[in-house]
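Student: this is the structure alone, sequence omitted:
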């Protein structure tokens, strides 16, 4: 496979979706130890990041992100064990897809117009 | 796998992307025999549909959609052989992913919160 990036979106039902945006936000929160700092990596407002985290925290049996210290606006945040598990599962799924799709992606790449860039 | 819908997006490079929206538009154009009627299935303006088709027609070595008859606004449109091939490849890729991902998706489904809907 050349430079093609494969991303996966899972629609569990009409309300609950998991895709590259939410997963990248979870990873950034884990890395930064903060919802606001995690969201800032993608130019997201704190409100937007917090709404996504709130949706993620109600999507699964247990929350994926836990806050500590000064409550909603202060303190920090971390991924829970389930949060880490969900991120790992999604990334594993993406890797498997990239591998199982390699031949088809190569076919598609060979059909692309020569890049004029 | 339960009701989870898996969708794939391919980013060939920073300019060229192929995902469920463009594929569904191609399928609708093939079904309807018209760019405007195809786009209308998704509430798309003719301009929006035409811009997507134009991008798709320059993405690969040959166009995916050909118009016939009265030019850009009149007449009809059809998928080319390459257009049909790209749609089939993408759908095949999606099916393969759904199969290879089935176990991981089942794990994720089992971790979902009970649906309150």
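Tutor: Perfect, thanks for sending it. Everything numeric in this text was worked out from a predicted model, so none of it was measured. Numbering: from 1, shown residues only, chains lettered A, B, ... in the order given.

Student: for chain A, which residues are neighbours of chain B?
Tutor: For chain A, the residues found near chain B under the criterion CB under 8 Å from any CB of the partner chain are A:2-13, A:15-16, A:18, A:58-61, A:82, A:85-86, A:89-90, A:92-93, A:96-97, A:100-101, A:104-105, A:107-109, A:111-113, A:115, A:117. Just so you know, the C-beta spots here come from the backbone N, C-alpha and C atoms, and that holds for glycine as well.

Student: quick one: contacts of the longest strand seen in chain A?
Tutor: The longest strand of chain A (DSSP state E) is strand A:5-11. Strand A:5-11 has contacts (CB atoms under 8 Å, 6 or more residues apart in numbering or on different chains) with A:17-20, A:90, A:93-94, A:97-98, A:101, A:105, B:4-11, B:97, B:101, B:105, B:108.

Student: rerun at 7 Å
Tutor: A:17-20, A:93-94, A:97-98, A:101, B:4-11, B:105, B:108 (CB atoms under 7 Å, 6 or more residues apart in numbering or on different chains).

Student: can you tell me the strand partners of it and which way each runs?
Tutor: Taking DSSP bridges as the criterion, strand A:5-11 forms sheet pairs with strand A:17-18 (antiparallel), strand B:5-11 (antiparallel).

Student: and the longest one, how far from the chain's centre?
Tutor: Right, strand B:5-11. How far strand B:5-11 lies from its chain's middle: 10 Å, per CA atoms, centre = their mean, to the nearest Å.

Student: all strands of chain A, in order?
Tutor: In chain A, the segments counted as strands under DSSP E are A:5-11, A:17-18, A:65-68, A:76-79.

Student: okay, which residue is most central for chain A?
Tutor: Centroid check for chain A by CA atoms, centre = their mean gives residue A:23 as the closest residue, at 1.1 Å.

Student: who's in contact with it?
Tutor: Neighbours of residue A:23 in contact, by CB under 7 Å, 6+ apart: A:87, A:90.

Student: below-threshold pLDDT in chain A: ranges please.
Tutor: Counting by pLDDT under 70, the low-confidence segments of chain A come to A:1-2, A:70-74, A:116-117.

Student: name the residues of stretch A:46-60 that are buried.
Tutor: Across stretch A:46-60, burial judged by 16 or more other CB atoms under 10 Å in any protein chain shown covers A:46, A:49, A:50, A:52, A:53, A:56, A:57, A:59, A:60.

Student: in helices, which of these appear?
Tutor: A:46, A:49, A:50, A:52, A:53, A:56, A:57, A:59 (DSSP state H).

Student: so which of these is the closest to residue B:76?
Tutor: Taking CB to CB as the measure, residue B:76 lies nearest residue A:52 of those, at 42.8 Å.

Student: tell me the contacts of the closest one?
Tutor: A:22, A:25.

Student: how near is it to chain B?
Tutor: According to CB to the nearest CB, to the nearest Å, residue A:52 and chain B sit 16 Å apart.
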